[in-house]
Every structure is written in C-alpha cells, then in structure tokens.
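*Asks:* quick one: sequence and predicted model below, then my questions.
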Amino acid sequence: MNNIRKVKISNYLKNQPRNLRLWLHSKKVPKYLWDGFKNITSETTVGELLTRINKELGRIYGKKRDKARSFADSRFTPLSNMLKRGMVSCGALSIIFATILRKFNVPTKLVHGRLRGQKGESRHAWLKLYNPKNKKWHAIDPTQPHRNFAIILSARQIKIYANWEDLKNDYKKKKF
C-alpha cells in the first residue's frame, strides 16, 4: 500500500499503456463534489488524493451516513443519489473513489469479494490502483481511511469489474 500512496499524479499523465484504458472510464462527477478538487496539482500523491476524497465526502455528507438497504442498493444506485444520501457502504465508496481517481488518470479496478469468517452473505468491495512505477496493481479499501486505506486482511477477491454495471449481469444470474 505504501508504494501506491507515494506515486504522484504526474506519473499518470504520461502515456498510459492501451490495456489500461478500460480502467480509466469514469462517470460524471457532480460539480459540488468536483469543486473540492480544483487545487489538486500533478505533484499531489495518490495518498494525498485518497485523503482529500475522504475529506470532501465528509464535507458533503455532514452527519448523513446511509449504509445502503441491500447489496443492490450499495452497488447499483446512481452516483448522484449515493452522494445525496450520504452512502458509506463499501460498494458506494468504491465507485465514488474510483470515479474521482479515474478523473485524475489513475487506472482503478472495482473488486467484488467476501470477508472470510463472516456469517451469511458478507460481501465486500474495494479497489485496485495501478502503479506506473512498478507496473503492479495495489489494493486499497475506501472504507478504511483510519487505517491508511489498508485492505481488510480477511477480504477475499471474487471478481474484478470496470464498473458495477458489469456486476449486474452476474447479480441477475446469482453468480456473484
């Protein structure tokens, strides 16, 4: 995790390999959220950007904290509605963080998985960010800002997605 946190945004502005383009496609960021990133420069590190995203969500959410009503709510609610509701579920935070990171040209994968040792259908979501310096993917967990976004140790990856819309097909088939 420390490797990716130290990478500067400027490292992503150079020519990205073609095979990373899928991981750069981003949704539109509402202006009221995007305004919080106006002074981000190319010298900003990924770690600083992660902290800033968390801070901006706190500013927008205020005291609102909506954990999502279901798995589908956590993953398939439109981004603008997630922000209006103050959604803090793992799926919602993953897509919010991924959307902003991708706007700064940071290739980002959405990871769908489970937490080992949990009862029932304990699903979890987190991200993998590409590090252009070592050409490896590094996991971060947007639900863990107090732990420097470190991945939860009991997390087990099931599948990687470019967006949660791709997960919808697996969800409908009950293969998720």
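*Replies:* Looks like it came in fine.

*Asks:* from Leu83, how far out is Lys31?
*Replies:* Between Lys31 and Leu83 the computed distance is 11 Å (C-beta to C-beta, to the nearest Å). For glycine as for every other residue, the C-beta is placed from the backbone atoms N, C-alpha and C.

*Asks:* the more surrounded of these two?
*Replies:* Leu83 (20 against 7; other C-beta atoms under 10 Å).

*Asks:* name all residues that make contact with that one.
*Replies:* Taking C-beta atoms under 8 Å, 6 or more residues apart in numbering, we find Leu83 in contact with 30, 33, 57, 60, 96.

*Asks:* likewise for Asn3?
*Replies:* 131, 133-134, 136, 138.

*Asks:* what's the biggest helix by length in the chain packed up against?
*Replies:* Determined from DSSP state H, the single longest helix within the chain is helix 46-61. Contacts defined by 3 or more C-beta pairs under 8 Å, 6 or more residues apart in numbering; DSSP states H and E place helix 46-61 against helix 2-5, helix 31-34, helix 90-103.

*Asks:* that one: how far from the chain's middle?
*Replies:* Centroid separation for helix 46-61 versus its chain: 12 Å, with C-alpha atoms, centre = their mean, to the nearest Å.

*Asks:* quick one: low-confidence ranges for the protein?
*Replies:* Along the chain, segments meeting pLDDT under 70 span 1-2, 118-121.

*Asks:* now the strands for it?
*Replies:* Under the criterion DSSP state E, the chain contains strands at 108-115, 123-131, 136-140, 155-161.

*Asks:* most packed of those strands?
*Replies:* strand 123-131 (a mean of 23; mean count of other C-beta atoms under 10 Å).

*Asks:* thanks a lot, see you next time.
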